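Chemist: Give me a 3D structure for the following:
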Amino acid sequence: MTETYLVAKLGKPHSLYGYQYIKFDSFFKNLNLKAIELIIDDEIYIVEDFKKHLKDRNLIKFNKIKNINEVELLRNHNVYISKKYCNTLLNKDKLPWPGYFIKSIINKSGQKLLNYSIYNNLIFCRVEGFNEFEIPYNKDFFNYKNDILSLNENKLTINPAK
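Modeler: Numbering: from 1, shown residues only. Okay, the predicted model is just below:
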C-alpha cells in the first residue's frame, strides 16, 4: 500500500441513505472526489457522492454504506488518502495538496516544507529558512512537475526597508 495521509474526520449521519458529515481538509472541499478511494480503519471506501454543505463541513456518501446504521459505525473515525492521488487531485494552479510534502525538501538549498495554513480558501506555506513569513501556495511561488513540488526561489526577493 502507498503512503497515506490524514485528511478528514467523519461526523454524524445526515440522512437515512448513507450520507454523513465530514470535516475535510479545506484543500479538497471544492474538488471532485467522486470515485476516489479513501481509507478508514485500514479499509478502502470509494466515494459515491461528495457535496458542499456548511462552511467547514461537507457531506459524503460511500459506495458500500447503504443506511444510517452503517454510517453511525464510522462516526468520529479518521479518513486517510493515498499519495496515488497526488497527480490527479490538483487545485486551480495545478498544484497537489501540500500535506503530501510536509518535511520534504522543496528547493536546491535543501529547505523543507514545514507546514501550511488555510485562510479564507487561500493556502500559505511555512518553509524552512523563511521564518518571518508564510509563502502563498500558488503557481507564482511553487511548481509541481514529475512528482516533485518545488519552491520558485527566484520569486522570493525581500526588499530591505530604506
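Chemist: G11 is in contact with I22, isn't it?
Modeler: Yes - at 6.2 Å, G11 counts as touching I22 under the criterion of Cβ atoms under 8 Å. In this view, the C-beta of every residue, glycine as well, is placed from N, C-alpha and C.
Chemist: more crowded one of the two?
Modeler: Under the neighbour definition other Cβ atoms under 10 Å, G11 and I22 were set side by side, and I22 has more, 26 against 19.
Chemist: sorry, back to before: are there residues contacting both of G11 and I22? Which ones?
Modeler: Among the neighbours of G11, those also in contact with I22 (Cβ atoms under 8 Å, 6 or more residues apart in numbering) are R57.
Chemist: Secondary structure class of D49, three-state.
Modeler: Using DSSP: H, G, I helix; E, B strand; the rest coil, the secondary structure recorded for D49 is strand.
Chemist: ok, now which ones touch it?
Modeler: If you count contacts by Cβ under 8 Å, 6+ apart, then D49 has 19, 34, 59-61 around it.
Chemist: Give me the buried entries from these.
Modeler: The neighbour-count criterion (16 or more other Cβ atoms under 10 Å) marks 19, 59-61 among these as buried.
Chemist: Between those, which sits nearest Q111?
Modeler: Taking Cβ to Cβ as the measure, Q111 sits nearest to I60 out of the buried ones among the contacts of D49, at 35.7 Å.
Chemist: ok, A8 touching Q20?
Modeler: No - with contact defined as Cβ under 8 Å, A8 does not count as touching Q20 (10.9 Å).
Chemist: Noted, bye for now.
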